[in-house]
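A.B. asks: Quick one, what's the 3D model for this:
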Amino acid sequence: MDYTDMLIQVATSFFGTLGFGFLFNIRGWKLAFAALGGMLSWGLFLALGFFVDSEPLRYFIVAVCSTVYSEILARALKTPASTFSIISLIPLVPGGALYDATTMALARDTEFLNSFIHTVELSVALSLGIVIVTAVSKHIFKPIHRG
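C.D. replies: Next up, the predicted model:
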């Protein structure tokens, strides 16, 4: 993949996540930061492709970074982290892999199982990245109860 294709993908990831932000009824600066998060997530995923061969590992790293971004913005803008986390990770949803696995299953292709396992690996990598950062941030930023 050449750099022009990568720049086009990064730019379109911004507008794609912007559209999902509208669907989730996010407005103003929050929408811009959410779309920026999607663009940064996809850009990081592409950049990691030069250094990391494992696609599930790249998904995990990007999920961790994107969730950290979301947690920071949540505190700065006094908004739930899920507002940014969901939108920022939209470009990484393994819809294409799921489509391929489903198509192979319907065609009774022998490669179906490999494709399905790969899709599950990507989904688990995203989930683990989100859960780990969210759990750590809840522990670090737990509310102080005065009583």
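A.B. asks: Can you pull the poorly scored residue ranges out of this structure?
C.D. replies: Applying pLDDT under 70 to the chain picks out residues 143-147.
A.B. asks: For the longest helix seen in the chain, which helices and strands make contact with it?
C.D. replies: Identified as the longest helix of the chain according to DSSP state H is helix 112-140. Here helix 112-140 touches helix 55-77, helix 81-88, helix 95-106, going by 3 or more C-beta pairs under 8 Å, 6 or more residues apart in numbering; DSSP states H and E. No exception for glycine: its C-beta is placed from N, CA and C like everyone else's.
A.B. asks: could I get the shortest one in CSV with only the CA atoms?
C.D. replies: So that's helix 81-88. Only the C-alpha atoms of helix 81-88 are listed here, as CSV (Å, rounded to 0.1, in the frame of the first residue of the first chain):
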residue,chain,number,x,y,z
ALA,A,81,-16.0,8.0,27.8
SER,A,82,-18.3,5.7,25.7
THR,A,83,-19.2,8.8,23.7
PHE,A,84,-15.7,8.9,22.3
SER,A,85,-14.7,5.3,22.6
ILE,A,86,-17.5,3.9,20.4
ILE,A,87,-17.0,6.4,17.7
SER,A,88,-13.2,6.3,17.8
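A.B. asks: from the chain's centre, how far out does it sit?
C.D. replies: When C-alpha coordinates are averaged (C-alpha atoms, centre = their mean, to the nearest Å), helix 81-88 and its chain have centres 9 Å apart.
A.B. asks: in this protein, which residue is closest to the centre?
C.D. replies: What sits nearest the mean C-alpha location of the chain, by C-alpha atoms, centre = their mean, is residue 89, with 2.2 Å.
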